[in-house]
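> My questions concern the predicted model and sequence given below.
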Amino acid sequence: MPDVCVLLIEGTNCEEETGRAFREVGLDVELVHLKQLTGDCSSERRRNLFDYRTLVFPGGWSAGDYVRAGAIFAARVKSRLGDELREFVESGNLVLGVCNGFQILTETGLLPAFNGMSEAPVACLTNNLCSSFQCRPAYLRHVNRSPFTAKLDLDEVIQIPVAHAEGRFTFGRGGDGLLEELLENKQIVFRYCRGDGSDAAGVFPWNPNGSLYDIAGICNPERNVLGLMPHPERVIHRIQEADWTRESGRDYGDGRVLFESVAEHLKKI
């Protein structure tokens with residue numbers, strides 16, 4: 001079976017780019033509908049979550065993002081596959097959520113998961129403070145390592161595009177203690193920053209959505225679950241980057257390194 005399961009339902013729309021990005025680094029990928037994991041399909045199409053080593057929730061507008069972004073997809077996963085998903089993560093397998101996928105991971109309780117998968121969401125990705133959809137290049141500073149970022153240096157800055165209306169990471173009121181826990185556990189993997197790597201300090205457009213502490217991506221304490229709002233699958237090649245004409249000498253875009261890191265990690269286990 002393939003190394004990577006890219007999971008989709010109606011409304012997801014980044015599955016093809018995500019699958020292609022993993023194939024670019026030599027991994028076998030299968031695009032799988034949720035019904036194939038829950039058994040609501042023909043027997044020949046049935047799939048088992050444990051046949052894969054990496055589960056990916058791609059970007060898009062799953063179920064139209066009704067109720068809250070990612071909430072319906074998360075509820076369907078948790079109601080039918082909650083125990084399997086928990087076991088999958090606890091077994092050390094990788095789980096990645098990009099944009100809508102990050103929203104899904106917070107809704108399922110797989111992030112921030114201070115004490116394992118939580119019954120109710122602890123954090124959320126809510127409306128951008130600018131009150132508009134943002135589709136633009138963003139600079140990210142790599143602040144803590146995970147299997148998804150092993151090939152990045154600490155404090156390295158990469159340029160990855162965002163495309164969301166609900167990307168503001170928050171704990172809501174009284175979340176200062178939870179932010180401290182994120183910092184203590186070194187769960188913040190990416191922060192929005194300026195082009196020179198200095199803090200965005202919440203200033204638009206360097207922080208495109210108003211996220212708490214300029215948070216662009218976090219992992220669980222065990223580091224095998226990562227959620228991030230920017231789309232690395234959209235900048236696999238240099239020509240896909242906004243400033244591609246200004247620099248020559250390299251063929252690959254900044255997003256490729258995340259997929260290379262996953263491939264390298266899977267080879268070791």
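Arrived safely, thanks for sending.
> going forward, measure contacts and count neighbours with C-alpha atoms only.
Noted.
> got the contact list for the helix or strand hosting residue 16?
With secondary structure defined by DSSP states H and E, residue 16 is part of helix 15-24. For helix 15-24, contacts defined as C-alpha atoms under 8 Å, 6 or more residues apart in numbering pick out 4, 6-8, 28-31, 58-59, 233-234, 236, 256, 259, 263.
> again, only using 10 Å
With contact meaning C-alpha atoms under 10 Å, 6 or more residues apart in numbering, helix 15-24 is reached by 3-8, 26-32, 56-60, 98, 231-237, 255-256, 258-260, 262-263.
> Beyond that helix, next helix or strand please.
strand 29-33.
> Which helix or strand lies directly C-terminal to that next one?
Counting by DSSP H and E, what follows strand 29-33 is helix 34-38.
> Figure out how far that following helix is from the centre of its chain.
How far helix 34-38 lies from its chain's middle: 21 Å, per C-alpha atoms, centre = their mean, to the nearest Å.
> Which stretches in the stretch 1-150 of the chain count as strands?
In the stretch 1-150 of the chain, the segments counted as strands under DSSP state E, counting those that start in this stretch are 4-8, 29-33, 54-57, 94-98, 124-126, 134-142.
> just checking, what packs against the longest one?
By that I understand strand 134-142. If contacts are counted by 3 or more C-alpha pairs under 10 Å, 6 or more residues apart in numbering; DSSP states H and E, strand 134-142 sits against strand 157-164, strand 188-193, strand 215-219.
> looking at these, which is closest to residue 123?
When the helices and strands packed on strand 134-142 are compared for distance to residue 123 using C-alpha to C-alpha, the nearest one is strand 215-219, at 11.1 Å.
> how many degrees apart are the helix holding residue 16 and strand 4-8 in direction?
Taking axes from the mean of the first three to the mean of the last three C-alpha atoms, to 10 degrees, one finds that helix 15-24 is oriented at 170 degrees with respect to strand 4-8.
> tell me which residues of helix 15-24 are tucked away?
Across helix 15-24, burial judged by 16 or more other C-alpha atoms under 10 Å covers 15, 17-23.
> Repeat that for stretch 194-209.
Result for stretch 194-209 [16+ other C-alpha under 10 Å]: buried residues 194-195, 197, 199-203, 205-209.
> before we move on, back to that, any chance of the helices and strands packed on strand 134-142 in CSV, plus mean pLDDT and mean neighbour count?
Below are the helices and strands packed on strand 134-142 laid out as CSV (pLDDT from 0 to 100; neighbours: other C-alpha atoms under 10 Å):
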stretch, mean pLDDT, mean neighbour count
strand 157-164, 97, 23
strand 188-193, 98, 28
strand 215-219, 98, 26
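> circling back to that earlier point, of all the strands of the stretch 1-150 of the chain, which lies closest to residue 163?
Ranking the strands of the stretch 1-150 of the chain by proximity to residue 163 (C-alpha to C-alpha) places strand 134-142 first, at 4.2 Å.
> So, low pLDDT: which residues of this protein?
Residues of the chain meeting the criterion pLDDT under 70: 248-249.
> got CSV for the strands of the stretch 1-150 of the chain, with distance to residue 81 too?
Formatted as CSV, those follow (distance: least, C-alpha to C-alpha, whole Å):
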stretch, distance to residue 81
strand 4-8, 13
strand 29-33, 13
strand 54-57, 13
strand 94-98, 14
strand 124-126, 21
strand 134-142, 32
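> Would you mind telling me which of those strands is nearest residue 180?
With C-alpha to C-alpha as the criterion, residue 180 lies closest to strand 124-126 of the strands of the stretch 1-150 of the chain, at 16.5 Å.
> For that closest one, which helices and strands make contact with it?
Strand 124-126 packs on helix 100-108, strand 168-170, going by 3+ C-alpha pairs under 10 Å, 6+ apart.
> what's the first one packed up against?
Other helices and strands packing on helix 100-108, by 3+ C-alpha pairs under 10 Å, 6+ apart, are strand 54-57, helix 71-90, strand 94-98, strand 124-126, strand 168-170, strand 215-219, strand 225-228.
> Would you mind finding the most buried of those?
By mean neighbour count, with neighbours taken as mean count of other C-alpha atoms under 10 Å, strand 225-228 ranks first of the helices and strands packed on helix 100-108 at a mean of 28.
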